[in-house]
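Undergrad: would you be able to build a 3D model of this:
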Amino acid sequence: MPRLLTLFVAAYWTTFFAILALAALGEVRGAGFPVLHALVSPAGSPFQVPAGAPVSALLATGFLLVTMLFVWTMATVLFEVRQGDGEEPARIALASAAGAMAVLLALGVWSGTQDVLSAVTLQFIALLASHGVIQAEAARRDARSRAAEPVDAGTARAMAIGAARHSMLSRLSRRDPSPTKRF
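TA: Modelled structure (predicted):
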């Protein structure tokens, strides 16, 4: 069964960063979106990022990269061959998303935006909650697979034969059967 919460989390962040990438791409073409424009270059800030600036192009590229990482996470979770295959792409995507939000925070602080800290902090908290959801789902899946795992009779038999052999050799050499020293 695919991990539904991980799929929903990845779909949400894919949509979120795709919208941010489109907004930054709009800034590159001169048709800026007010939200991104307020975060990158508000009207009253001393630092103005003109439409079409390389900063907007780099932001669009970064957001698109994060979007593709979340798409990769969704595809890996949906088509995973072994359980747990989707954990590593999810970690990479969430770390990249946190990095993109840190860049957005730095640009907002540098340009003098007033409420950028609260807006980006909210997204950091949501990313942290998403990471917690993914880790909890992985822990639940691991616990369920360990509980359902039957005891291998061959392994138990080999361990019993090894313990009997160790005990027999200890008796023959007249040593203590315990492998640890007593003081």
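Undergrad: Arg82 in helix, strand or coil?
TA: coil (DSSP: H, G, I helix; E, B strand; the rest coil).
Undergrad: per-residue confidence for the closest residue to Ala60 other than its chain neighbours?
TA: Spatial nearest neighbour of Ala60, excluding adjacent residues (CB to CB, 6 or more residues apart in numbering): Ala24 at 3.7 Å. For the C-beta atoms, the positions are set from N, CA and C on the backbone; glycine is no exception. On the pLDDT scale, Ala24 is placed at 80.
Undergrad: now for the strand or helix carrying Ala24, which elements pack on it?
TA: For Ala24, the enclosing helix or strand under DSSP states H and E is helix 4-29. Helix 4-29 sits against helix 34-40, helix 54-78, helix 87-111, helix 116-148, with contacts defined as 3 or more CB pairs under 8 Å, 6 or more residues apart in numbering; DSSP states H and E.
Undergrad: what is the burial count for Ile19?
TA: Counted with other CB atoms under 10 Å, residues neighbouring Ile19 total 15.
Undergrad: er, Val55 I mean
TA: 18.
Undergrad: local confidence estimate at it?
TA: pLDDT, Val55: 77.
Undergrad: centroid-nearest residue for the chain?
TA: The centre of the chain sits closest to Arg91, judged by CA atoms, centre = their mean, with a distance of 2.5 Å.
Undergrad: need the contact list for that residue.
TA: His131 (CB atoms under 8 Å, 6 or more residues apart in numbering).
Undergrad: list the buried residues of the helix holding Ala24.
TA: Buried residues in helix 4-29, defined by neighbour count with 16 or more other CB atoms under 10 Å: 6, 9-10, 13-14, 16-18, 20-28.
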